[in-house]
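>>> Build me a model:
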Amino acid sequence: MARWLVGLLLVSGSAFAGQGLYPLMSTGDYPSPIEMMQKLEQLHPGVISEFEAELKNGELVYEFKVIDPEAKTKIEYEYRTLDGSLKEREVERLKNGDNDELAGIMMLKENGITFSEMLTIVCKDSGGHLVKAEVDNDLGISYIELEILEVDGKRKLAFDMENKQLLPLLKWD
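Below is the predicted model:
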C-alpha cells in the first residue's frame, strides 16, 4: 500500500510538473529572468518596476514594465525568451495611479541598486523560478511583491527593499 501511495504521489507530481511554466523554466534553455533584466537595464533608461513570465501559445515570454521618472513615462516590453527578440513595446505617460510604484522605484534609485540586483538578493536561496515581481509602496514601506514557482506550486512573498528582508506579515502561501 505504501509503495502504491508513493508511486501515485510521484506520478501526480510529474503530471503537475509537465504542465505550464515550470518545465520550460527548468530546462535551462532560456535566459533567466534576471539575465534578461540586466540586459534591459543596460539598454533602456528608467527603472524596471514589474516583471512577469508567461506562457503564450506555447512560448515562454518575459514581460517588463520600465518607469522613467525623468521622461514621466512607463514602457512595457515583451520579449521572446527563445531568441531574446522584442515582441512588443508600448509607451504610456505616468498617471496619478502610478505614484506607489514610482515611490518604490525612487527607493531603488536612491539606494543605487537596480531591480535585477534587488531580485538577486531576494531569490538567492529560493530554490524555484521567479515568475512575477512588482515594486510597490504602501504604508511608507517600499517593497517588492513576488511569486516563486516551485514544482508543487507558487509561493508569494513580499520583500522590504530598504531593510533588505522579507516582510513576514505579507508572506503567504
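>>> Where do the helices of the protein begin and end?
Assignment of helices within the chain using DSSP state H yields the ranges 2-17, 21-26, 33-43, 99-110, 115-123.
>>> Identify whichever of those lies nearest to residue 55.
If you check each of those against residue 55 by Cβ to Cβ, helix 21-26 wins as the nearest, at 5.6 Å. Using the backbone N, CA and C atoms, a C-beta is placed for each residue, glycine as well.
>>> Would you mind listing the buried residues in that closest one?
With burial defined by 16 or more other Cβ atoms under 10 Å, the residues of helix 21-26 counted as buried are 22, 24-25.
>>> Now render these as TSV, adding distance to residue 64 and pLDDT.
Conversion of the buried residues of helix 21-26 to TSV gives the following (distance: Cβ to Cβ, whole Å; pLDDT from 0 to 100):
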residue	distance to residue 64	pLDDT
22	21	80
24	18	74
25	16	82
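>>> Would you format these as JSON lines with distance to residue 151 included?
As requested, the buried residues of helix 21-26 are exported to JSON lines (distance: Cβ to Cβ, whole Å):
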{"residue": "22", "distance to residue 151": "6"}
{"residue": "24", "distance to residue 151": "13"}
{"residue": "25", "distance to residue 151": "11"}
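>>> rewinding a little: ok, of the helices of the chain, where does mean pLDDT dip lowest?
Least confident of the helices of the chain, judged by mean pLDDT, is helix 2-17 with a mean of 36.
>>> Pull the contacting residues for residue 144.
With contacts defined as Cβ atoms under 8 Å, 6 or more residues apart in numbering, the neighbours of residue 144 are 104, 118-119, 122, 133-136, 158-159, 161.
>>> Show me which of those is closest to residue 60.
Distances from residue 60 to these, taken as Cβ to Cβ, are shortest for residue 133 (16.2 Å).
>>> Can you give me every residue that contacts the closest one?
With contacts defined as Cβ under 8 Å, 6+ apart, residue 133 is in contact with 50-52, 115, 119, 122, 144-147.
>>> With residue 73 as the reference, measure out to residue 30.
When Cβ to Cβ, to the nearest Å is the yardstick, residue 30 and residue 73 sit 28 Å from each other.
>>> neighbour-wise, which of these two wins?
Residue environment comparison for residue 30 versus residue 73 gives the larger neighbour count to residue 30, 18 against 15, counting by other Cβ atoms under 10 Å.
>>> can you pull the pLDDT of the residue lying closest to the more buried one once chain neighbours are set aside?
Counting by Cβ to Cβ, 6 or more residues apart in numbering, residue 81 is the residue found nearest to residue 30 once chain neighbours are left out, at 4.2 Å. With respect to pLDDT, residue 81 has a value of 92.
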